[in-house]
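Colleague: I'll drop the sequence and a predicted model, then ask my questions.
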Amino acid sequence: MKDFSGFRLEDAAERLKAQGYEVTVRLTASPGQRDRGYDADSRVVRQRLLGGKTVELLVCNINS
């Protein structure tokens, strides 16, 4: 599996799903930014294979 760190969430999720993976997303942010959530332009900070064909993407927002 390719490392998608630095990719936009939308692009990474699309490519992983095309390879047959199920994608889950978690957000990391400073306390003041956590309520913003994430969107398609959030960037992948880390990816982790949770088991089987499920990949967790840890994302952050690039705009404050």
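Modeller: Sure, I can see it.
Colleague: which regions of the protein sit below the pLDDT cut-off?
Modeller: 64 (pLDDT under 70).
Colleague: what about the strands in it?
Modeller: For the chain, the strands defined by DSSP state E cover 22-27, 43-51, 54-60.
Colleague: got those as TSV, with mean neighbour count columns?
Modeller: C-betas here are computed from N, CA, C, even on glycine. Shown next, in TSV, are the strands of the chain (neighbours: other Cβ atoms under 10 Å):
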stretch	mean neighbour count
strand 22-27	14
strand 43-51	14
strand 54-60	19
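Colleague: The ones you listed: which one's closest to residue 9?
Modeller: Among these, the nearest to residue 9 by Cβ to Cβ is strand 54-60 (5.2 Å).
Colleague: Reformat the strands of the chain as a markdown table; add distance to residue 16.
Modeller: Putting those into a markdown table (distance: least, Cβ to Cβ, whole Å) gives the following:
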| stretch | distance to residue 16 |
| --- | --- |
| strand 22-27 | 5 |
| strand 43-51 | 8 |
| strand 54-60 | 5 |
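Colleague: Quick one: closest of the ones you listed to residue 3.
Modeller: Ranking the strands of the chain by proximity to residue 3 (Cβ to Cβ) places strand 43-51 first, at 6.6 Å.
Colleague: got the CA coordinates for that closest one in PDB?
Modeller: The C-alpha coordinates for strand 43-51 follow below in PDB (Å, rounded to 0.1, in the frame of the first residue of the first chain):
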ATOM      1  CA  ARG A  43      -4.200  16.800   4.500                       C
ATOM      2  CA  VAL A  44      -3.200  13.300   5.500                       C
ATOM      3  CA  VAL A  45      -0.700  13.300   8.300                       C
ATOM      4  CA  ARG A  46      -0.500   9.500   8.900                       C
ATOM      5  CA  GLN A  47      -2.100   6.400   7.600                       C
ATOM      6  CA  ARG A  48      -2.500   3.100   9.500                       C
ATOM      7  CA  LEU A  49      -3.700  -0.300   8.400                       C
ATOM      8  CA  LEU A  50      -6.200  -1.300  11.100                       C
ATOM      9  CA  GLY A  51      -6.600  -4.800   9.900                       C
END
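Colleague: No further questions, thank you.
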